[in-house]
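Trainee: Pasted the sequence and its predicted model underneath.
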Amino acid sequence: MDIILDDLTGPEVVALIGEHLQGMALHSPPESIHALNLDELKKPEITFWSAWEKGELVGCGALKELDRQHGEIKSMRTSSAHLRKGVARRILEHIIAEAKRRGYQRLSLETGSMDAFEPAKRLYASFGFQYGKPFSDYTEDPNSVFMTKEL
């Protein structure tokens, strides 16, 4: 699997972000959706990667700099054709390594509290992320859970 820095212009990536946003809309009420669209993912504080295997897009993930010591995981998504093949695990490893390289002390994320997000929560917990309070601009929301890992 090749994980590359991506400019979010390729049609495969555009389609995967669309799938990601549709998935969030399917499982979360509108006021609880914190997924970023293409324009939001292109902001300078966000680094976006796509993951490819044999020329096929298999997943993506992003890292948002909240401050010089704190990053947020955004837009983690595995292509529906490649679920349960370790794609998300590899992307998460890549993002954690980059956060450490940047000198971040902490890495946080928000995900849904519903059953559909259970696989994601298990993955993050397996990497040592722990449940906690809202961070950055987030507020308490029964449809969201917040997880943090000290680096």
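Mentor: Sure, I can see it.
Trainee: any chance you could map the helices in the protein?
Mentor: 11-27, 38-41, 87-101, 118-126 (DSSP state H).
Trainee: Serialize the ones you listed to CSV and add fields for mean pLDDT and distance to residue 146.
Mentor: Just so you know, the C-beta spots here come from the backbone N, C-alpha and C atoms, and that holds for glycine as well. CSV is the format used below for the helices of the chain (pLDDT from 0 to 100; distance: least, Cβ to Cβ, whole Å):
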stretch, mean pLDDT, distance to residue 146
helix 11-27, 90, 16
helix 38-41, 96, 19
helix 87-101, 98, 16
helix 118-126, 97, 11
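Trainee: how about the ones you listed, which one is nearest residue 1?
Mentor: Residue 1 lies closest to helix 87-101 among those, at 5.5 Å (Cβ to Cβ).
Trainee: surely residue 96 meets residue 129?
Mentor: No: taking contacts as Cβ atoms under 8 Å, residue 96 lies outside contact range of residue 129: 9.7 Å.
Trainee: Any chance you could list what contacts the helix or strand of the chain with the lowest mean pLDDT?
Mentor: The least trusted helix or strand in the chain, going by mean pLDDT, DSSP states H and E, turns out to be helix 11-27, with a mean of 90. Residues from elsewhere that reach helix 11-27 (Cβ atoms under 8 Å, 6 or more residues apart in numbering): 6, 8, 33, 35, 37-38, 41, 50, 57, 59-60, 75, 77, 79-80, 112, 114, 116-117.
Trainee: Pull out the buried residues from that helix.
Mentor: 12, 13, 16, 17, 20, 21, 23, 24 (16 or more other Cβ atoms under 10 Å).
Trainee: tell me which strands and helices the longest strand anywhere in the chain is in contact with?
Mentor: If each strand of the chain is counted by residues according to DSSP state E, the longest one is strand 56-67. For strand 56-67, the packing partners by 3 or more Cβ pairs under 8 Å, 6 or more residues apart in numbering; DSSP states H and E come out as helix 11-27, strand 46-53, strand 70-78, helix 87-101.
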